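>>> okay, sequence plus prediction incoming.
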Amino acid sequence: MTRTQAEDPGGLMPSECYWRDSQPWLEASGYMLRPRYKPDWTPSWKDTKKPYYECEDGLESSLGHLVDAVRISDGAMVMLKKIEKSVHSHEADIASI
């Protein structure tokens, strides 16, 4: 269950749950997301006096449909995009060329 920002400042936003839920598959496919998106993530500021906004994992790091990642094979920074495959979108077909 994802808590709201009011209940847990610095916690996952609802739009980030897709990336958290996809993290194991993306890692198995060769891409590593930030620690914030690991299913067993524990915020680094918990049990410290450090404010969440001063921690790398304390701020939302996706734009909902976009997230940065590292390609495990060579350490290259990449951008991943969530797309909706629909009759009117050819984005998935174009990306797989």
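Yes, it's here.
>>> the residue nearest the centre of the chain - nearest residue in space that isn't next to it in sequence?
A centroid search over the chain (C-alpha atoms, centre = their mean) returns Trp19, at 4.1 Å, as the residue closest to the centre. Closest residue to Trp19 apart from its sequence neighbours, by C-beta to C-beta, 6 or more residues apart in numbering: Tyr37 at 4.6 Å. Just so you know, the C-beta spots here come from the backbone N, C-alpha and C atoms, and that holds for glycine as well.
>>> can you give me the distance of the one you found to His90?
Separation of Tyr37 from His90 (C-beta to C-beta, to the nearest Å): 28 Å.
>>> those two: which has the busier surroundings?
Between Tyr37 and His90, counting by other C-beta atoms under 10 Å, Tyr37 is the more crowded of the two (24 against 10).
>>> measure how buried the closest residue to Ser61 other than its chain neighbours is and give me the count.
Among residues not flanking Ser61 along the chain, Arg34 sits closest, at 5.5 Å (C-beta to C-beta, 6+ apart). Counted with other C-beta under 10 Å, residues neighbouring Arg34 total 17.
>>> biggest helix in the protein, by residue count?
Counting residues, the longest helix in the chain under DSSP state H turns out to be helix 17-28.
>>> buried sites along that one?
Trp19, Arg20, Ser22, Gln23, Leu26 (16 or more other C-beta atoms under 10 Å).
>>> farthest pair within those?
Arg20 and Leu26 (10.5 Å; C-beta to C-beta).
>>> Ala28 and Arg36, how far apart?
According to C-beta to C-beta, Ala28 stands 19 Å off from Arg36.
>>> again, but for Gln23
Going from Gln23 to Arg36 by C-beta to C-beta gives 10 Å.
>>> okay, strands next: where are they in the protein?
For the chain, the strands defined by DSSP state E cover 31-32, 66-71, 76-81.
>>> can you put those strands in JSON lines and add distance to Thr48 and mean pLDDT?
Output for those, formatted as JSON lines (distance: least, C-beta to C-beta, whole Å; pLDDT from 0 to 100):
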{"stretch": "strand 31-32", "distance to Thr48": "25", "mean pLDDT": "98"}
{"stretch": "strand 66-71", "distance to Thr48": "25", "mean pLDDT": "95"}
{"stretch": "strand 76-81", "distance to Thr48": "28", "mean pLDDT": "95"}
